[in-house]
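Colleague: coords please:
(4 chains)
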Protein chains: 4
Amino acid sequence: MATPGPTSSPSNIRLAGARDLIHHRASHMKELMERINPKLKNIFQTKNDVYTISCSGTGGMEASVTNSFDKNDKVLVLSNGYFGERFRTICEHNALNTLVYEKEWGAEFSLAEVAEIYKENPDLKGVFVVFSETSTGMINPVKEIAALFKKTEVLVVVDAISGLIVNELLMDEWGLDIVIAASHKGFMMAPGLTFVGISDKAWSKIDQTNSSAYYFSFTRLKQFFPFASASASVSLLLSLEESLSMIEDIGSGTLLVQQKQIALAAQRALNALGFILFVDKPIYRSNAVTSALAPEGIDTQKLLSQLETEFNLSITGGQGIFKGKMIRVGHIGYIDELDLYAVFGAIERALIQLGAEFPLGVSSKAIQEVFVRGGK
Amino acid sequence: MATPGPTSSPSNIRLAGARDLIHHRASHMKELMERINPKLKNIFQTKNDVYTISCSGTGGMEASVTNSFDKNDKVLVLSNGYFGERFRTICEHNALNTLVYEKEWGAEFSLAEVAEIYKENPDLKGVFVVFSETSTGMINPVKEIAALFKKTEVLVVVDAISGLIVNELLMDEWGLDIVIAASHKGFMMAPGLTFVGISDKAWSKIDQTNSSAYYFSFTRLKQFFPFASASASVSLLLSLEESLSMIEDIGSGTLLVQQKQIALAAQRALNALGFILFVDKPIYRSNAVTSALAPEGIDTQKLLSQLETEFNLSITGGQGIFKGKMIRVGHIGYIDELDLYAVFGAIERALIQLGAEFPLGVSSKAIQEVFVRGGK
Amino acid sequence: MATPGPTSSPSNIRLAGARDLIHHRASHMKELMERINPKLKNIFQTKNDVYTISCSGTGGMEASVTNSFDKNDKVLVLSNGYFGERFRTICEHNALNTLVYEKEWGAEFSLAEVAEIYKENPDLKGVFVVFSETSTGMINPVKEIAALFKKTEVLVVVDAISGLIVNELLMDEWGLDIVIAASHKGFMMAPGLTFVGISDKAWSKIDQTNSSAYYFSFTRLKQFFPFASASASVSLLLSLEESLSMIEDIGSGTLLVQQKQIALAAQRALNALGFILFVDKPIYRSNAVTSALAPEGIDTQKLLSQLETEFNLSITGGQGIFKGKMIRVGHIGYIDELDLYAVFGAIERALIQLGAEFPLGVSSKAIQEVFVRGGK
Amino acid sequence: MATPGPTSSPSNIRLAGARDLIHHRASHMKELMERINPKLKNIFQTKNDVYTISCSGTGGMEASVTNSFDKNDKVLVLSNGYFGERFRTICEHNALNTLVYEKEWGAEFSLAEVAEIYKENPDLKGVFVVFSETSTGMINPVKEIAALFKKTEVLVVVDAISGLIVNELLMDEWGLDIVIAASHKGFMMAPGLTFVGISDKAWSKIDQTNSSAYYFSFTRLKQFFPFASASASVSLLLSLEESLSMIEDIGSGTLLVQQKQIALAAQRALNALGFILFVDKPIYRSNAVTSALAPEGIDTQKLLSQLETEFNLSITGGQGIFKGKMIRVGHIGYIDELDLYAVFGAIERALIQLGAEFPLGVSSKAIQEVFVRGGK
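Modeller: Now for the predicted structure:
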């Protein structure tokens, strides 16, 4: 699997989830959660507790909206991709007064324009932004955006679902108020758990909000902590502990360097095969996933189905308006240099079957060049 | 574990969840869901599709409220236990016009009174009832209650989370409109999946409802079916297939007979040890869990903590007002006659440590008497 | 499973064996073996390396013969059970000059007679004795027997396959020369690994022996150590590491006390049901397995097949001449007080089905009495 | 892992081995063996039962000697590699009158010479030959050799340990008398099980042989069949059933075609990197493993340790006299085209680190050329 998530999950993480269950209110569960929590806080780089909810990432996005904002609260959604749009939809569903700063998919936000919008809307209560936009492989400048609101009462809500772990994110230092992550991305697990970091500033707002949320209620999460506020997904929590230990063993610094190299190699390999990288500026390219437009004459639908049928390889296509024109190669989590040779070996072969022409082995060469030179 | 859920989970179900992940949008996932769905429909005894959501049962309860009713819709909650109360809370959270027909915990509802309430409130839009009330081990007469509303437009919403599989429930025949179940009860799995059956009548109402639900949106579930509307909990779905095969192999008829015997044996064993069964009439006792009040002088808190510490056995205590006075012995799912000997062997031993007096082996005798006579 | 082995194996031990394989000659394998070996030495209570062979226990018994003795070497086999007989058969197969000191099954050896035989056969090269005779549940006085030969050149070869871990054995202190154990007994694993401890005295003899053994060659085991001399059973070695950690965590002292209590409870429960314990003197009863003769009128074949068919419980019957007259209840490894209630609950039920009469719950009572009084 | 065995083992095969154990004498075990055996017979292409022994392949080689031949029986060992030498050693260890027809490693046997040796030694009792010689990657013409002895009383004993499944072998049709295979090669499992097929002709000889074998006794295997003659390696047998189902699902025809393509691609890739294939004639190259001599200036010890340390890839070096000069790339079992890209990507990278020069991506190109043209 080389998709932007779920990722392939290492054997030991999956096996940890097959151990004897423990009751979700028993003392063993408390101990488990107390081993898990400091590691989650370290990954989020926050001093506050990080909460775990049994749901996929979208549930966490919705929770950030329904817990923190009242109907008619004015919020700003920054949208330049599929998941930015999802934030907008959820805000509108909940009858927030939703401003949208919309850019074409893959286009950068202007910090000045964000500042300008705030100036014009001093009653703004929250800003929603996607860190690593899975639909385009773009990193949005969350740090810089948050800086604009650091001394204000505006909450900065960040979808870091595919971004966390593989791209640097410092929740407290950057002043992020709500950060959402999920198990099936950098954590190398199956989907089913969502993690939410919440700043003190966010808690103040949440405490004043008249939320109808029950299952997703942050207040209930806090009240039951370290237990879950409902029956916890025990098997996934057992896997999570193993995942967090693996990440700790590698070290977040090393992991970031490795992921950057892998992303770079994927980018070069796509270039070598005639694809055009969707995100122009290298600085905005996520280490989680690389999006690219297919060379002339290649139908990406056919390419992807060929990959799945003949090579048992799941790669995803474009979302929304890029369906059929784009491929998105995930390189998050449990993937290394050797996997890239395999993934691109398959892509080359499938392209040839579709009539593309290029020197055989050209992607393998591109990958090697990155690693031979240490990823420079 | 002898709790009302999560239950112990058989090795083969847990191992199935440790297999290589498949992508939640790939064709293998479609095939998996297409093998799962007919089996779920059979368990619910419904002709309509049964939807799977990544969350615990409470999420399903909330979804049944937020998808099907508009603010100010008048609904009736039947409450005689902890989970009836939860339905009330969720309805009130969502600003429904919530009538509550409240009985003491463990007390029966009067069908006549329910009919009377409806007569006085002809604008009623929904009735909420818990099938097997986990907090008391009571079965509510869902079939008879539903019969009152069969020819009306009132939706009958049933929390069958701990009740399904181990007690007979026929969704379509009984005219139930929304039925909620969860993975960690009769399915013998870890928590994390919730299942929702929805009648045609319910769909009509849902289609007219202006719901803010997103993650829990039934409409989105239908739209993406058989895929999930968000990243599916792949590992749990792999376990689910194994669980459904096991249940099919035993046969639902056989399973019901077995569960009834096991419940009866647990009841007799508790009696033998001086406990008073909380649910008076045998007909209202759930096969999922048996609640009982401790004999004079026994502090159930101490009893339960003794069981956990010394015997590594999780049994739960009373919820709400019965905290400290009640124990609840779960016998749902992966538990058989032999497990009962072990569970009650431990209970006897812990009781003796707390100073109780009774002839040693008395619970074992009670269990045997049930099985020797074939559970009559 | 309540057999004298294979025992039930805990989930975490089995899951450890499902991890990604490592190559049997790679550095990771070396590290694994270097973690395993000190723990094995500790269990054998020996300063010398303990060797692991991929085979079941019988292979280890044969290896002790073929590596250490030449054709026509005079050896003494102490036989009072099925596995004593096996030693005899293997010695004779290999054309050793085999003396047999034979006692009825379950009868004690006389140390004086052993000393006498040695006196009459000063050219004796080895003595073979079974520590815990699985066929009868008898412990033979290996310590005292070894003491007779401590200052001689006679090798004392001990089959400790079902005895080790659950009964005290101190290889070096007692002067045992070859000690054989296997994975599926006290190690709580699947069958497939055999462990052999070898004293310096034994090595001297082995070095002078002209053995035709190849796969079982001790010399080759030493030469390749810590690697195996052939392709190692990697999955079982991964499980072994987990098993050894569990044993270390419990502590061998605690484990011996627990096992003694469990054995005592099983003995009392069998008594209570009218069985006659096969091993008369408590001091000679193994903590691994209890053998007992069925009460008048009970066909043990029927009893055991009833237990397997109706209760999915494997208990073994008598071996050799005791086929049909004896049952052997294993209580080695992963079995605790609660399991005993389950096992004897099933035995009671099956006995009743066969027409036996006794007060119901009588075995549960007997077990409780042991544990209530702390196993005295 | 890309070694000639143990191979990487698929998740589902490993997980099958982690299931609850069953007792090795219980009826469930009988059923398991009765499901396994027809599939083993099909793989061996024999009408006779195939026996399973808990040991690694070497144990099976030794068993074929000790069960079938008496001391001083005249036998012929065909030796052109490490495992031919092993047959010789075992025969000599057992005091057979051992003739050796020795060729340089990798050199072909002459059928005429074999016939000649037989003519000169009409009292020959057995011929030993390795099918796929793992030390060189050479296939010996077992079919043609066996044809020479078909109408004689000479037993043809074949080590098919790494050869079976991935190269065509028809035991009965070719007239092979004893065929040995093992779990950690084409069966894609961990090591620990050996399989032995035995012809009627072989049984006649075995019945007349005065063997000292006990654990490895073929007669005992037959007597206990379908049970094992000692405690069976239950976990490995559970994995075996899964392995056999996978092989059956692919189909042996398809599997042979795939393996041939993979072997060809590995050969071309090695050529492309400047290696010289050790086995000259394509017809003699095994689909299990490819041996190649390193290009001038490359120290294979360094290469292999680089691969293990930096790329976590186990590849093996030359055995015996080829230590340090040869690498052996395994491509048996659970390996596909994509894995080859990964394996050779790593080899290229490690070679560059050691100073080799070649156009980057050249091995990837070579692999693709094979598959693009369908392996012609």
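Colleague: how about the CA coordinates for the helix or strand hosting A:Lys260, as CSV?
Modeller: If you go by DSSP states H and E, A:Lys260 is part of helix A:252-272. Only the C-alpha atoms of helix A:252-272 are listed here, as CSV (Å, rounded to 0.1, in the frame of the first residue of the first chain):
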residue,chain,number,x,y,z
SER,A,252,11.2,12.0,16.0
GLY,A,253,14.3,13.9,14.6
THR,A,254,15.5,10.8,12.7
LEU,A,255,12.0,10.1,11.6
LEU,A,256,11.6,13.5,10.1
VAL,A,257,14.9,13.3,8.2
GLN,A,258,14.0,9.9,6.8
GLN,A,259,10.5,11.0,5.8
LYS,A,260,11.9,14.0,4.0
GLN,A,261,14.3,11.9,2.0
ILE,A,262,11.6,9.4,1.1
ALA,A,263,9.3,12.2,0.0
LEU,A,264,12.1,13.8,-2.1
ALA,A,265,12.8,10.5,-3.8
ALA,A,266,9.2,10.0,-4.6
GLN,A,267,9.0,13.4,-6.1
ARG,A,268,12.1,12.8,-8.3
ALA,A,269,10.8,9.4,-9.4
LEU,A,270,7.5,10.9,-10.5
ASN,A,271,9.4,13.7,-12.4
ALA,A,272,11.5,11.1,-14.1
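Colleague: helices or strands next to that helix in the packing?
Modeller: The contact analysis (3 or more Cβ pairs under 8 Å, 6 or more residues apart in numbering or on different chains; DSSP states H and E) places helix A:252-272 against strand A:276-277, strand A:289-293, helix A:337-353, helix A:362-372. Heads up, the C-betas are built off the backbone N, CA and C, glycines and all.
Colleague: Kindly reformat those as JSON lines and extend each row with mean pLDDT, distance to C:Gln319 and mean neighbour count.
Modeller: Below are these laid out as JSON lines (pLDDT from 0 to 100; distance: least, Cβ to Cβ, whole Å; neighbours: other Cβ atoms under 10 Å in any protein chain shown):
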{"stretch": "strand A:276-277", "mean pLDDT": "96", "distance to C:Gln319": "73", "mean neighbour count": "16"}
{"stretch": "strand A:289-293", "mean pLDDT": "96", "distance to C:Gln319": "63", "mean neighbour count": "26"}
{"stretch": "helix A:337-353", "mean pLDDT": "95", "distance to C:Gln319": "53", "mean neighbour count": "23"}
{"stretch": "helix A:362-372", "mean pLDDT": "95", "distance to C:Gln319": "62", "mean neighbour count": "22"}
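Colleague: and A:Pro295, how many neighbours?
Modeller: A:Pro295 has 15 neighbouring residues, counting by other Cβ atoms under 10 Å in any protein chain shown.
Colleague: how about it, what does it touch?
Modeller: Contacts for A:Pro295 (Cβ atoms under 8 Å, 6 or more residues apart in numbering or on different chains) come out as A:Leu273, A:Gly274, A:Phe275, A:Ile276, A:Ala356.
Colleague: Identify the residues contacting the closest residue to the fourth one other than its chain neighbours.
Modeller: Nearest residue to A:Ile276 in three dimensions, chain neighbours excluded: A:Leu293, at 4.6 Å (Cβ to Cβ, 6 or more residues apart in numbering or on different chains). Applying Cβ under 8 Å, 6+ apart to A:Leu293 gives the contacts A:Phe275, A:Ile276, A:Phe278, A:Lys325, A:Met326.
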